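>>> got a sequence here, can you model it:
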Amino acid sequence: MDKTTEKMQQFFAQIRKNLLVFAQDESLQQDIQTALQSSAQRFLICKTPEECQNELQNPHCHQVLLEDSPTGRQILTQINNWSGEKRRFAHIVFIGDKAKSFDNKAAFLLGIDSYLHKSSIKHLGKYFEQSQKQFLFRNRPWIQEGDFF
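Below you'll find the predicted structure:
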């Protein structure tokens, strides 16, 4: 295994440890929980903005799935205030009904890594993994350079 592949695997192992989920919509919370329970992803669902903001203070918070809502966008504003390095290594995904899954333009305009449509909830585990791979690909130059946390 070459050094680049090894560093990518180390990085992936670190970010995959925890996923912070924020969704106020109870049926969306339940759908996310059901979809993620069948994946290998460990996650915590926050039901209030305050709980989510407290969890975002955790230095091991590198993956966030936010409901696309006014409150979710306020939480994104908090994330975007992180230092450049911390933000670069944070995988941020929105789930909602304002764009198609993997709509690059929507993701770019929001300043997130991926957008997933609510209708793809049954495939959330697979789609989230695909989003992680895209995230790793985009961050490869920084990951190759050395320490990432």
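
>>> what's the first helix or strand after the least confident helix or strand in the chain by mean pLDDT?
Ranking every helix and strand in the chain by mean pLDDT, DSSP states H and E puts helix 3-15 at the bottom, with a mean of 61. Using DSSP states H and E, the next helix or strand after helix 3-15 towards the C-terminus is strand 19-22.

>>> elements contacting the helix or strand following that following strand?
Using DSSP H and E, the helix or strand that follows strand 19-22 in sequence is helix 26-37. Applying 3 or more Cβ pairs under 8 Å, 6 or more residues apart in numbering; DSSP states H and E, we find helix 26-37 packed against strand 19-22, strand 43-46, helix 124-145. C-betas here are computed from N, CA, C, even on glycine.

>>> now helix 26-37: average pLDDT?
In this model, helix 26-37 has a mean pLDDT of 90.

>>> same check on stretch 110-128?
The model assigns stretch 110-128 a mean pLDDT of 92.

>>> just name the most buried of the helices and strands packed on helix 26-37.
Ranked by mean neighbour count under mean count of other Cβ atoms under 10 Å, the helices and strands packed on helix 26-37 are led by strand 19-22, which reaches a mean of 24.

>>> so D25 touches E67, yeah?
Yes: under the criterion of Cβ atoms under 8 Å, D25 makes contact with E67 at 6.2 Å.
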